[in-house]
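Engineer: Sequence first, predicted coordinates after that:
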Amino acid sequence: MAIEDSKMAPEQPEKIHLPKTSESEQLKRIRHTTSHVMAMAVQKLFPKAQVTIGPWIENGFYYDFDTPEPFTEQDLKAIKKEMVKILKRKLPLEREEVSREEAKRRIEALGEPYKLEILADLKEPITLYHLGDEWWDLCAGPHVESTAEINPKAIDLETVAGAYWRGDENKAQLQRIYGTAWETPEQLQEYKRRKEEALRRDHRRLGKELGLFIFSDEVGPGLPLWTPKGAVLRTTLEDFLKREQVRRGYQPVVTPHVGRVELFKTSGHWQKYREDLFPMMGESEDEGFVLKAMNCPFHIQIYKSSLRSYRELPVRLAEFGTVYRYEQSGELGGLTRVRGFTQDDAHLFVTPEQLDDEFLKVVDLIQSVLKKLKLDQSFKARLSFRDPDSDKYIGSEEAWQKAETAIRRAVETLGMNYFEGIGEAAFYGPKLDFIVQDALEREWQLGTVQVDYNLPERFDLEYVAEDGSRQRPVMIHRAPFGSLERLVGILIEQYAGDFPLWLAPVQVRLLPVSDEFLPFVREVAERMRSLDIRAEADVSHDRLGKMIRNAEKAKIPVMAVVGAKEVESESLSVRTRAGGELGSLSIEETLKRLQEAIANFADF
């Protein structure tokens, strides 16, 4: 019987794993070599093109070229065709070590000024990589031994973009060709499938189609405007987290959008973060104000407004605080990278003895949030520690060691799967970051929790200990969502706009078969809204078939058709996106099931 069952069960296609370049040494070699093959092909077809840099990136590679004319789509096809020819020649990759003087002589002979600039920054030894005996470039590797190792059916060229030399807008405008390369053609096809799926799920397109948010040139780039439905979505997320926080002993606070420069000097943000702040308002730094880029200095002032006893600790202050950061225009991208965004910020002021327990409770909150959002299927914890060779951090060696030890102790206590990210710490303290994987296996950083011994020191924070002495609290910074805007963008793409019932801006749409049933439909919709069910009546006067199609297009989780039969029997003909036709249900039964499903984060 088991054998028969297994025969009847539909075979699931084997999932194709697409490793990042950093996860595969062989992919790193393939992609690095393919970038050289592309540069060789470009210079064969366009002899006036000068090469600059051509590194691997996580899903492929790129090369920057200085060309008299920009590349076209037709050019990309010709370049790829030439690349395939080069690969099929099975050219060896040969490493050569030369003196700086010899490298300079050869570069000057080629007439490649960009390579001379690159050479000036290189440390010994100077290495060249040759593709056969026809083309070479300055490079440290790694590469495959021969182009025979690269499958021509597993490579592709994707797009052309503008790029400034060394990222400086005052320097030459270059042409950047992006490409990708994989070990097998099947991986390439899966990569292309996911790219197409990503376009289908793109939150910028879906956000417009579903009427959730807009951007306006008159307001400014990176500053989203939330429409009514988008505002409902935001508010639902906020209310969800606020309820969780109240249950866990958090206290709400509200702080201004601007603050004195002096406040950010004390915190260190003015010195370390100034490039990302909006320009100062006021005539001098002594009297100047800036838009706040973070909430912690403001919460510190609330804690500091009165002398606290150890009996009051931990103090947990929470705020959905909007912050402003002057991101470069080229780095902006829909909701995932904006200039004004809302953080679900909280700052906990704890005694050293409370630190471990409070940290674990914060991690539990973040995990609970990810579970409700269905983002807990695949996540990693990153221990974001400082780079000991960098000077961007503040505070003593002792403070950093204590904070990093506390975070490591917490993840080991919980048995979490974690990895270390050296150099990823905030300038004032290490972090535990939650890296989630979405439906397309893309990784996003969401929740974060930080241990901070430095800001309590800089702001001279105290509490009265049990023995009457003044002691320094430890701060925990935490944000389960991170940026609310970024989270909404991720959720739109995770669900492809098809939000679960509890989160959907409109949960129920009532569809009258004709106008004579509109009064009944409006009455039912009003009753649903009185029970906090987000319901609306379709008053379009369209035929029923079109109303159903429109509701499907708008991704409404529950539809209810109303005709003479339903009015007479005080019932609704219910249809859901999750379960299809459910048939006739009494209004009372429908309301009960809706309330239960919403409360339990479940489908209807």
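Structural biologist: Happy to help now that I have it.

Engineer: my guess is P473 contacts Y463, does it?
Structural biologist: Yes: in terms of C-beta atoms under 8 Å, P473 counts as a neighbour of Y463; the distance is 5.4 Å. All C-beta atoms are positioned from the backbone trio N, CA, C, and that covers glycine.

Engineer: shared neighbours, these two?
Structural biologist: Residues touching both P473 and Y463 (C-beta atoms under 8 Å, 6 or more residues apart in numbering) are 308, 313, 349, 351.

Engineer: which one of these sits closest to R194?
Structural biologist: Of all those, R194 sits closest to F349, with 44.1 Å by C-beta to C-beta.

Engineer: Tell me who's in contact with that closest one.
Structural biologist: Taking C-beta under 8 Å, 6+ apart, we find F349 in contact with 303, 308, 313-315, 317, 456, 461, 463, 473-475.

Engineer: that older thread, return the subset of the shared contacts of P473 and Y463 lying in strands.
Structural biologist: 308, 349 (DSSP state E).

Engineer: Compare the shared contacts of P473 and Y463 and tell me which is most surrounded.
Structural biologist: Neighbour tally across those (other C-beta atoms under 10 Å): the maximum, 25 neighbours, falls on F349.

Engineer: what would the shared contacts of P473 and Y463 look like in JSON lines with pLDDT and distance to K104?
Structural biologist: Converted to JSON lines, the shared contacts of P473 and Y463 look like this (pLDDT from 0 to 100; distance: C-beta to C-beta, whole Å):
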{"residue": "R308", "pLDDT": "95", "distance to K104": "65"}
{"residue": "L313", "pLDDT": "95", "distance to K104": "64"}
{"residue": "F349", "pLDDT": "97", "distance to K104": "59"}
{"residue": "T351", "pLDDT": "95", "distance to K104": "62"}
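
Engineer: what's the farthest-apart pair in the shared contacts of P473 and Y463?
Structural biologist: The most widely separated members of the shared contacts of P473 and Y463, counting by C-beta to C-beta, are R308 and T351 (10.2 Å).

Engineer: shared neighbours, these two?
Structural biologist: Listed as contacting both R308 and T351 by C-beta under 8 Å, 6+ apart are 463, 473.

Engineer: rewinding a little: may I see the PyMOL selection of the buried members of the contacts of F349?
Structural biologist: Buried members of those can be picked out in PyMOL with the line below, counting by 16 or more other C-beta atoms under 10 Å:
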select buried, resi 303+308+313+314+315+317+456+461+463+473+474+475
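
Engineer: I'd like the list of the contacts of F349 that fall within strands, please.
Structural biologist: Here DSSP E is the test, and the contacts of F349 give 308, 315, 317, 463, 474-475 as lying in strands.

Engineer: For N295, state which of these is nearest.
Structural biologist: Of all the ones in strands among the contacts of F349, L317 has the smallest distance to N295: 9.2 Å, by C-beta to C-beta.

Engineer: ok, that closest one touching I302?
Structural biologist: Yes: judged on C-beta under 8 Å, L317 makes contact with I302 at a distance of 6.0 Å.

Engineer: Give me the common contacts of these two.
Structural biologist: Between them, L317 and I302 share these contacting residues under C-beta under 8 Å, 6+ apart: V253.

Engineer: For S569, give me the pLDDT.
Structural biologist: S569 carries a pLDDT value of 92.

Engineer: same thing with the one 3 residues further on?
Structural biologist: Reading off the per-residue confidence, L572 sits at a pLDDT of 94.

Engineer: Mind telling me what element it is part of?
Structural biologist: Assessed by DSSP states H and E, L572 sits inside strand 571-576.

Engineer: after that strand comes which helix or strand?
Structural biologist: Going down the chain from strand 571-576, the next helix or strand is strand 580-586, by DSSP H and E.

Engineer: for that next one, the distance to its chain's centre please.
Structural biologist: Remark: strand 580-586 is offset 39 Å from the chain centroid, using C-alpha atoms, centre = their mean, to the nearest Å.

Engineer: packing partners for that strand?
Structural biologist: Under the contact criterion of 3 or more C-beta pairs under 8 Å, 6 or more residues apart in numbering; DSSP states H and E, strand 580-586 touches helix 564-569, strand 571-576.

Engineer: I'd like the secondary structure assignment at E485, please.
Structural biologist: For E485, the assignment made with DSSP: H, G, I helix; E, B strand; the rest coil gives helix.

Engineer: returning to what we had before: what are the contacting residues of the strand holding L572?
Structural biologist: Strand 571-576 is contacted by residues 510, 524, 548, 557-563, 565-566, 581-587, 590, 603-604 when judged by C-beta under 8 Å, 6+ apart.

Engineer: Narrow these to those that are buried.
Structural biologist: Neighbour counting by 16+ other C-beta under 10 Å classes 510, 524, 548, 557-563, 566, 582, 585, 587, 590, 604 among the contacts of strand 571-576 as buried.

Engineer: that older thread, name the strands paired with the strand holding L572 and say parallel or antiparallel.
Structural biologist: Looking at strand 571-576 with DSSP bridges, its partner strands are strand 558-562 (antiparallel), strand 580-586 (antiparallel).

Engineer: Out of those, point me to the one whose mean pLDDT is lowest.
Structural biologist: Sorting those by mean pLDDT places strand 580-586 lowest, at a mean of 90.
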